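Student: pasting the structure only:
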């Protein structure tokens, strides 16, 4: 088990990154949940393994949510991983291609001298088809669909950004029932692989405010794919325009859509610290 790690965050959405090179023995997945516990471990929203490529990219991202479940894609995570790879000399190309469970993504580092000022990523094309989310139901898409949760009905628009999302537009974001309704929608039986949930307030056609209940994590300071899902849903429902600011509790992401329908997301990242797990800490979870 590798002991050295790096802590990164993108707008407070934080990750523990390990270099992962020689096979499954490099990392014990059972350590993900205790690692992410802020009281007893390092503390994070997820764990990222910086892995060798398999399909012609520069690297591959393996990412786990705080509960130990594996995620298909993570927008802030891939931005943090790209900065880690470049800063520590593992990849020197810019832009770089990072492989994910849902395909390769191009990531570009914006530089100010030797420092990374922001990181942009091509997040691909949003997919509204039910089968791609995945989501049960007879209709081809779930746009403005009514879902019951906790005895109340909510109008939702659902899509995939490489992982599942359920967008709820609300006029009052501060009092939105994120902690109450978020887990109910995450675990709703209509979503066979669970879902991320976005509560979205439209401030103007160029600005959204968003709170995210992240699958396997809970409410987070920011979520890259969640910001993209909110952006895509607002464009679909004619409530927004490109480019757009998406303001999350941790800060602002900048999004735009290109002529091919790809969403591009840009925002800051930060390396917080590097560390080494003690043998005693590892031992208590591996026995």
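Tutor: Here it is on my side, so go on. All of these numbers come straight from a predicted model, not from anything done at the bench.
Student: The stretch 1-150 of the chain: helices as residue ranges?
Tutor: In the stretch 1-150 of the chain, the segments counted as helices under DSSP state H, counting those that start in this stretch are 32-36, 75-87.
Student: Does the closest residue to residue 165 other than its chain neighbours lie in a helix or a strand, and which?
Tutor: Spatial nearest neighbour of residue 165, chain neighbours left out: residue 229 (3.6 Å); criterion: C-beta to C-beta, 6 or more residues apart in numbering. For glycine as for every other residue, the C-beta is placed from the backbone atoms N, C-alpha and C. Element membership for residue 229 (DSSP states H and E) is helix 224-236.
Student: any idea which helix or strand comes after that helix?
Tutor: That would be, after helix 224-236 and using DSSP H and E, strand 244-248.
Student: which of the residues in that following strand are buried?
Tutor: 244-248 (16 or more other C-beta atoms under 10 Å).
Student: residues touching residue 3, list them.
Tutor: With contact set as C-beta atoms under 8 Å, 6 or more residues apart in numbering, residue 3 has these partners: 276-279, 282.
Student: Next, check those residues against the helices and list the overlap.
Tutor: Here DSSP state H is the test, and the contacts of residue 3 give 279, 282 as lying in helices.
Student: ok, now how distant is the spatially closest residue to residue 95 that is not a sequence neighbour from residue 264?
Tutor: Closest residue to residue 95 in three dimensions, ignoring its sequence neighbours and counting by C-beta to C-beta, 6+ apart: residue 108, at 4.2 Å. Using C-beta to C-beta, to the nearest Å, one gets 9 Å for the distance from residue 108 to residue 264.
Student: Backbone dihedrals for the residue nearest the centre of the chain, both of them.
Tutor: Most central in the chain under C-alpha atoms, centre = their mean is residue 74, positioned 3.1 Å from the mean C-alpha point. Per-residue torsions, residue 74: phi -150, psi 120 (degrees, to the nearest 10).
Student: thinking it is in contact with residue 228, fair?
Tutor: No: counting by C-beta atoms under 8 Å, residue 228 is not a contact partner of residue 74; they are 11.1 Å apart.
Student: if I read this right, the residue nearest to residue 165 contacts residue 197, doesn't it?
Tutor: No: with contacts counted by C-beta under 8 Å, residue 229 stays clear of residue 197, the gap being 9.7 Å.
Student: shared neighbours of the two, anything?
Tutor: In contact with both residue 229 and residue 197: residue 165, using C-beta under 8 Å, 6+ apart.
Student: what's the distance between residue 37 and residue 48?
Tutor: 17 Å.
Student: same check, this time on residue 219
Tutor: 20 Å.
Student: Comparing these two, which residue is more hemmed in?
Tutor: Shown here are residue 219 and residue 48; by other C-beta atoms under 10 Å, residue 48 has more neighbours (25 against 16).
Student: Give me the number of neighbouring residues for residue 174.
Tutor: Neighbour tally, residue 174, other C-beta under 10 Å: 8.
Student: Now do the contacts for it.
Tutor: Neighbours of residue 174 in contact, by C-beta under 8 Å, 6+ apart: none.
Student: With residue 85 instead?
Tutor: Per C-beta under 8 Å, 6+ apart, neighbours of residue 85: 50, 58-59, 91, 96, 98.
Student: quick one: pLDDT of it?
Tutor: At residue 85, the predicted lDDT confidence score is 98.
Student: Tell me how far it lies from residue 96.
Tutor: 7 Å.
Student: Overlap in contacts, these two.
Tutor: 58-59.
Student: so where's this structure uncertain?
Tutor: Residue ranges of the chain with pLDDT under 70: 22-25, 287.
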